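Visitor: Quick check, what structure comes out for this input:
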Amino acid sequence: MAEKWLVGVDLGGTTTKLAVISMYGEIMHKWEIPTDVSDGGKNITVNIAKAIDAKLEELGHSKSEIIGIGMGAPGPVDLATGVIFEAVNLGWKEPYPLKDLLEVETSLPAVIDNDANCAALGEMWKGAGNGAKDLVCVTLGTGVGGGVITNGDIVHGVSGAAGEIGHITSLAEGGAPCNCGKTGCLETIASATGIVRIATEALNKEASNGELAAVYKETGYVTAKDVFDSAKRNDSLALKVIDSVALHLGIALANIANTLNPEKIVLGGGVSKAGDILLNPIKEQFLRNSFPRVAQSTEISIATLGNDAGVIGAAWLVKNKIGQE
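Guide: Model (predicted):
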């Protein structure tokens, strides 16, 4: 191996994704390990170090060929220090020196950022961003995450919490309670969890004989996929749910675009796999609510990297932050 390699890590609450990546953003090897959150998450960095050592031994390469490790972690992160301020799902309830501990365990330089930021960087570098330097990435999964890129780099804000798009407050009065402690956050509407909540409330409120109602009657619950599948077959209640989600998400994206004027808005995460049945009504609301010049210059598209976005973006951090030191 003549060229140096990058290691990208996407740290999740149940699974940690790892990849060895070339300087050109190509994944050479990727694998996963369980995330051990026992004992306050103290084994997480140790397990990652062991996994990297084992992979390098398997490939017949040494650490001297690795420039460094980039990691995306859930929660606000101080990029300069690599401290993650709070990640309750990992057992870290206080500010946690993730960068320092990872460097001690691996003997490699490390750089840490928020997981949604890493996904945005991945899409910019090798995915739907396609070279765009002004980009907003919105991840629609169990929650709603976001990463804002201006002039080719992530916006962090004064306390590392920029891009918390999921916690933009809905225009609707009141709203459902969010895990952040507020009510009416976008996450309570546009996430998979929010879609299920809206659909379930509608099913309990309305007498319906459609496909979605039949699924609910048979199983006692519906999933976001059930909603999208039913909508694709013109189920009226499912279409009504999607219209509600698209309204709120489209307005939120319009407000973001009116502020930042990005070249592209990229929608990722499991919910985005619904495709045009969700994308088209979002675009309609976006065009209706954005400033005309913004509407003309901003393209909304679906992310292309899937679960690889986070590790590729983390590798970008190594190349552009550590590689330049």
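Visitor: would you list every one of the helices in the chain?
Guide: Ranges of helices within the chain are 38-41, 44-59, 98-106, 115-126, 187-190, 192-205, 211-219, 224-232, 236-260, 276-289, 292-297, 309-317, based on DSSP state H.
Visitor: Show the contacting residues for Thr16.
Guide: Val9, Asp10, Glu32, Ile33, Pro34, Thr35, Ile44, Asn47, Ile48, Ala51 (CB atoms under 8 Å, 6 or more residues apart in numbering). From N, CA and C alone the C-beta is placed, and that goes for glycine too.
Visitor: Quick check: bridge partners of Lys17?
Guide: Beta-bridge pairing for Lys17 (DSSP bridges): Asp10, Glu32.
Visitor: That one against Val9, yeah?
Guide: Yes: using CB atoms under 8 Å, Lys17 is in contact with Val9, at 7.1 Å.
Visitor: Need the residues touching each of those two.
Guide: Residues touching both Lys17 and Val9 (CB under 8 Å, 6+ apart) are Val311.
Visitor: Looking at those two, which is more packed in?
Guide: Applying other CB atoms under 10 Å to Lys17 and Val9 shows that Val9 carries more neighbours, namely 26 against 20.
Visitor: how much space is there between the residue nearest to the more buried one when sequence neighbours are not counted and Glu65?
Guide: Of all residues not flanking Val9 in the chain, Met71 sits nearest, at 4.2 Å (CB to CB, 6 or more residues apart in numbering). To Glu65, Met71 is 19 Å away according to CB to CB, to the nearest Å.
Visitor: So those two - more neighbours on which side?
Guide: Met71 (30 against 14).
Visitor: Please verify my assumption that that one contacts Pro109.
Guide: No: using CB under 8 Å, Met71 is not in contact with Pro109, being 11.7 Å away.
Visitor: if we can go back for a sec, output the contacts of Thr16 as JSON lines; include the columns distance to Ala192 and pLDDT.
Guide: As requested, the contacts of Thr16 are exported to JSON lines (distance: CB to CB, whole Å; pLDDT from 0 to 100):
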{"residue": "Val9", "distance to Ala192": "24", "pLDDT": "98"}
{"residue": "Asp10", "distance to Ala192": "19", "pLDDT": "96"}
{"residue": "Glu32", "distance to Ala192": "21", "pLDDT": "97"}
{"residue": "Ile33", "distance to Ala192": "25", "pLDDT": "97"}
{"residue": "Pro34", "distance to Ala192": "22", "pLDDT": "96"}
{"residue": "Thr35", "distance to Ala192": "20", "pLDDT": "94"}
{"residue": "Ile44", "distance to Ala192": "25", "pLDDT": "95"}
{"residue": "Asn47", "distance to Ala192": "28", "pLDDT": "97"}
{"residue": "Ile48", "distance to Ala192": "27", "pLDDT": "97"}
{"residue": "Ala51", "distance to Ala192": "29", "pLDDT": "97"}
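Visitor: just the buried members of these?
Guide: Neighbour-count burial (16 or more other CB atoms under 10 Å) is assigned, among the contacts of Thr16, to Val9, Asp10, Ile33, Thr35, Ile44, Ile48, Ala51.
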